[in-house]
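[1] One predicted model, sequence on top.
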Amino acid sequence: MRPLIAVLLLALAGCGAYPNYSDPRLATKINDRFALRDECLAKNVASHLNSSSSASEIARTISLSCQAETDSLIAVSNPYNDPRISAAIERDTQFRATGYVLRARNLGTPN
């Protein structure tokens, strides 16, 4: 009976809060696409910092500039075209773009 309990506990331990990718190559592809998208967002921030627009408006513009990278990330991350996953990645792109804008503005502000 004890070995059965131990096996069940080990099986449940695998259901942690953090995702465990069963395909390391796919996980690497997804991480690479995230990095490419984030590089694009960071690169495009500088050209929009002189704008008087709000951070969220600039972030929207930057997100659109990096739509190809975001679409590539969605294609790799969401092979079954689940609209919830696509929407979550789009929201994450907007969120990250806003963060890059706010950080860049704070770095450019004299102390």
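    Received, thanks.

[2] tell me what the helix ranked longest in the chain is packed against?
    When the chain is parsed with DSSP state H, its longest helix is helix 83-108. Here helix 83-108 touches helix 24-45, helix 55-65, helix 67-77, going by 3 or more Cβ pairs under 8 Å, 6 or more residues apart in numbering; DSSP states H and E. Heads up, the C-betas are built off the backbone N, CA and C, glycines and all.

[3] Those into JSON lines, with extra columns for mean neighbour count, mean pLDDT and distance to Pro83?
    Below are those laid out as JSON lines (neighbours: other Cβ atoms under 10 Å; pLDDT from 0 to 100; distance: least, Cβ to Cβ, whole Å):
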{"stretch": "helix 24-45", "mean neighbour count": "16", "mean pLDDT": "94", "distance to Pro83": "18"}
{"stretch": "helix 55-65", "mean neighbour count": "18", "mean pLDDT": "93", "distance to Pro83": "18"}
{"stretch": "helix 67-77", "mean neighbour count": "17", "mean pLDDT": "96", "distance to Pro83": "10"}
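
[4] The residue nearest to Ser51 when sequence neighbours are not counted: what's it in contact with?
    Leaving aside its chain neighbours, Ser51 sits nearest to Ile58 (5.8 Å; criterion: Cβ to Cβ, 6 or more residues apart in numbering). By Cβ atoms under 8 Å, 6 or more residues apart in numbering, the residues touching Ile58 are Val45, His48, Leu49, Ser51, Ala97, Val101.

[5] Show the pLDDT at the third one.
    Right, the one you point to is Leu49. The score at Leu49 is 78. That number is its pLDDT.
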